[in-house]
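Undergrad: The sequence isn't on hand, but the structure is:
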């Protein structure tokens, strides 16, 4: 992969993923959006709603990556503990964010009870991330960006945040596939292409479908010409197996 | 949560998840199956196909949890490096597993080339995990269980492995929901129920749908009577909002 791109990690705070109750729907959205702005997503972690686990993960990830995006745990209920854990991770007091407090107080009136007031508590110095869907914002503190877990709310927050992030060269993907190719038959040739195009990540992904199985070769990187060349060579490998090399990935 | 249940982590070795190319389909399957055999899934990590990252994650996770389940990176291509990384994490030589080598040699004949031979290399002392789909096995070494990333192959491997794992008391879920309830309105009462039933994990999950939004309350734990009681009390909280408490989770 290209150097010079900012790195990123996602921290999912979510018992509901770990229990199998919920299928995560945030990683793929964020992964694609981050690639588009040139952030290399290098790690995803899912941790339970346990303070010491969240605090440790926040601190490990923010020390390791340029940006950390958290999802989940910012609502009004007892299991929403992200705000206080992020404050603790940074060693900052958790305090009323006045503009958020006033906005929620105005919108909610007498319903702005003690539970909902927790949504206006942020680490000192945090900057809100706008929420177009359900009003209560996320926030950024340092290189950590705290967002909701509900997908459409998270997406609203990320789209508001994205203009604030530094952008690197977009990370592009190109692919080619062949039906009937076996991975083991093209592995040696593929390894040689990866060595030749060392700034790219070349992946080999078998697929299995009603219309027959095969292999998709996916190249990822910031250099469009290198991507085209590597995928052209991968296509030639597939063709050398007596199989049509089809641009893009299989419809699955 | 109950103590005494074995703990587990999932390590996904997968550039294809981090690039957003692929939507993970393994966590939810494993999470549910692990809960059924009483394993508490406490962490999921996704790391790229980079040796030092895989080795470090394997070592951190196997030191922290009773069992670690890895998915991905065990095929014949250059980006399949899980076997050698797990061996390195354990400080064990990677060597031919004779029974696997012989089985693949017999099945593949002259197609058992150098690339495919890599699938018969395991850390010394590893025990194969049967693969009913595409033959090449995964393996267990110590408390680390190495499986394929392709979902149906992973599932075949896990179902073969599951009889070898120690089983704890099944971790059960019960739920109740109400359409039109707002989280912030029941948060205080819900916090009190969580305190009362401290062996359970009580989660509150807002939902948004064409037929109206609401909240689902989900309790998780090993004590069926406590689960029923907690969910009954959560249902009473919902009913006190003038809303019908409906057993189970909303159809979404």
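TA: Received the coordinates, thanks. Predicted model only: the values in this text are computed from it and were never measured.

Undergrad: can you give me the strands in the stretch 151-252 of chain A?
TA: Here the stretch 151-252 of chain A has its strands, by DSSP state E, counting those that start in this stretch, at A:172-179, A:201-207, A:214-221, A:246-247.

Undergrad: export the ones you listed to TSV and tack on mean neighbour count, mean pLDDT and distance to chain B?
TA: (Glycine included, C-beta is placed from N, CA and C.) Below are the strands of the stretch 151-252 of chain A laid out as TSV (neighbours: other C-beta atoms under 10 Å in any protein chain shown; pLDDT from 0 to 100; distance: least, C-beta to the nearest C-beta, whole Å):
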stretch	mean neighbour count	mean pLDDT	distance to chain B
strand A:172-179	21	96	6
strand A:201-207	22	94	4
strand A:214-221	25	96	6
strand A:246-247	14	95	15
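
Undergrad: Just put the ones you listed in CSV and tack on distance to residue B:5.
TA: Shown next, in CSV, are these (distance: least, C-beta to C-beta, whole Å):
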stretch, distance to residue B:5
strand A:172-179, 40
strand A:201-207, 35
strand A:214-221, 39
strand A:246-247, 48
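
Undergrad: closest one to residue B:6 among the ones you listed?
TA: Nearest of the strands of the stretch 151-252 of chain A to residue B:6, taken as C-beta to C-beta: strand A:201-207 at 32.0 Å.

Undergrad: Need the contact partners of the closest one.
TA: Identification of contacts with strand A:201-207 by C-beta atoms under 8 Å, 6 or more residues apart in numbering or on different chains yields A:1, A:177, A:183, A:186-187, A:190, A:193-194, A:213-221, A:230, A:234, A:250, A:252, B:15-16, B:19, B:21-22, B:49, B:75, B:77-80, B:150.

Undergrad: Excluding chain neighbours, what is closest to residue A:89?
TA: Spatially, and ignoring its direct neighbours in sequence, residue A:89 is nearest to residue A:58 (3.9 Å; C-beta to C-beta, 6 or more residues apart in numbering or on different chains).

Undergrad: Can you classify the one you found as helix, strand or coil?
TA: helix (DSSP: H, G, I helix; E, B strand; the rest coil).

Undergrad: Quick check, it in contact with residue A:70.
TA: Yes. In this structure, residue A:58 is within contact of residue A:70 by C-beta atoms under 8 Å, at 7.3 Å.

Undergrad: Which neighbours do these two have in common?
TA: Joint contacts of residue A:58 and residue A:70 (C-beta under 8 Å, 6+ apart) are A:11, A:86, A:144.

Undergrad: how much space is there between residue A:146 and residue B:215?
TA: Between residue A:146 and residue B:215 the computed distance is 21 Å (C-beta to C-beta, to the nearest Å).

Undergrad: Residue A:26 too?
TA: Taking C-beta to C-beta, one finds residue A:26 at 20 Å from residue B:215.

Undergrad: Show me chain A divided up by domain.
TA: As assigned by automatic domain parsing, chain A contains the domains A:7-164, A:172-247.

Undergrad: Give me the distance from the last one to the chain's centre.
TA: If I follow you right, that is domain A:172-247. 25 Å (C-alpha atoms, centre = their mean, to the nearest Å).

Undergrad: Would you mind finding the longest helix in chain A?
TA: Secondary structure of chain A per DSSP state H: the longest helix is helix A:224-239.

Undergrad: Go through that one and flag the buried ones.
TA: A:226-227, A:229-231, A:233-235, A:237-238 (16 or more other C-beta atoms under 10 Å in any protein chain shown).

Undergrad: hmm, it in reach of chain B?
TA: No. If you take C-beta under 8 Å from any C-beta of the partner chain as the test, helix A:224-239 misses chain B, and the best it gets is 11.2 Å.

Undergrad: That helix to strand A:214-221, inter-axis angle?
TA: Calculated by axes from the mean of the first three to the mean of the last three C-alpha atoms, to 10 degrees, helix A:224-239 forms an angle of 160 degrees with strand A:214-221.

Undergrad: Give me the helices and strands touching helix A:224-239, please.
TA: strand A:172-179, helix A:183-196, strand A:214-221 (3 or more C-beta pairs under 8 Å, 6 or more residues apart in numbering or on different chains; DSSP states H and E).

Undergrad: can you list contacts of the longest one?
TA: Taking contacts as C-beta under 8 Å, 6+ apart, the residues outside helix A:183-196 that touch it are A:200, A:202, A:204, A:206, A:215, A:217, A:230, A:233-234, A:237-238, A:240-241, B:75-79, B:108, B:111, B:113-116, B:119.

Undergrad: any idea of the angle that helix forms with strand A:172-179?
TA: When the same axes, to 10 degrees is applied, the directions of helix A:183-196 and strand A:172-179 differ by 150 degrees.

Undergrad: and the direction of helix A:183-196 versus that of strand A:201-207, what angle?
TA: If you take the same axes, to 10 degrees, helix A:183-196 sits at 170 degrees to strand A:201-207.

Undergrad: average model confidence for helix A:183-196?
TA: Taken as a whole, helix A:183-196 carries a mean pLDDT of 96.

Undergrad: So for it, what gets flagged as buried?
TA: For helix A:183-196, the neighbour count (16+ other C-beta under 10 Å) marks A:183-187, A:189-191, A:193-194 as buried.

Undergrad: and residue A:21, how far is that from chain B?
TA: According to C-beta to the nearest C-beta, to the nearest Å, residue A:21 stands 6 Å off from chain B.

Undergrad: neighbours around that residue, how many?
TA: As a burial measure, residue A:21 scores 21 neighbours (other C-beta atoms under 10 Å in any protein chain shown).

Undergrad: I'd say it and residue B:173 touch.
TA: Yes. With contact defined as C-beta under 8 Å, residue A:21 reaches residue B:173; the gap is 6.6 Å.

Undergrad: what touches both of these two?
TA: Joint contacts of residue A:21 and residue B:173 (C-beta under 8 Å, 6+ apart) are residue B:218.

Undergrad: related to what we said a few turns ago, let me have the buried residues of helix A:224-239 in JSON lines, extended by distance to residue B:91 and pLDDT.
TA: Listed next are these as JSON lines, based on distance: C-beta to C-beta, whole Å; pLDDT from 0 to 100:
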{"residue": "A:226", "distance to residue B:91": "37", "pLDDT": "97"}
{"residue": "A:227", "distance to residue B:91": "38", "pLDDT": "97"}
{"residue": "A:229", "distance to residue B:91": "40", "pLDDT": "98"}
{"residue": "A:230", "distance to residue B:91": "35", "pLDDT": "98"}
{"residue": "A:231", "distance to residue B:91": "38", "pLDDT": "98"}
{"residue": "A:233", "distance to residue B:91": "37", "pLDDT": "98"}
{"residue": "A:234", "distance to residue B:91": "36", "pLDDT": "98"}
{"residue": "A:235", "distance to residue B:91": "41", "pLDDT": "97"}
{"residue": "A:237", "distance to residue B:91": "36", "pLDDT": "97"}
{"residue": "A:238", "distance to residue B:91": "39", "pLDDT": "97"}
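
Undergrad: shaky segments in the stretch 1-150 of chain A?
TA: For the stretch 1-150 of chain A, residues meeting the criterion pLDDT under 70 lie at A:1-3.

Undergrad: Residues of the stretch 51-200 of chain A that sit close to chain B?
TA: So far as C-beta under 8 Å from any C-beta goes, the stretch 51-200 of chain A lies against chain B at A:53, A:75-80, A:108, A:111, A:113-116, A:119, A:150, A:152, A:171, A:173, A:182-188, A:190-191, A:194.

Undergrad: buried stuff in stretch A:138-151?
TA: A:138-150.

Undergrad: Among these, which lie within strands?
TA: Judged by DSSP state E, strands contain the following of the buried residues of stretch A:138-151: A:138-141, A:144-147.

Undergrad: Show me which pair in the residues you listed is furthest apart.
TA: A:141 and A:147 (12.5 Å).
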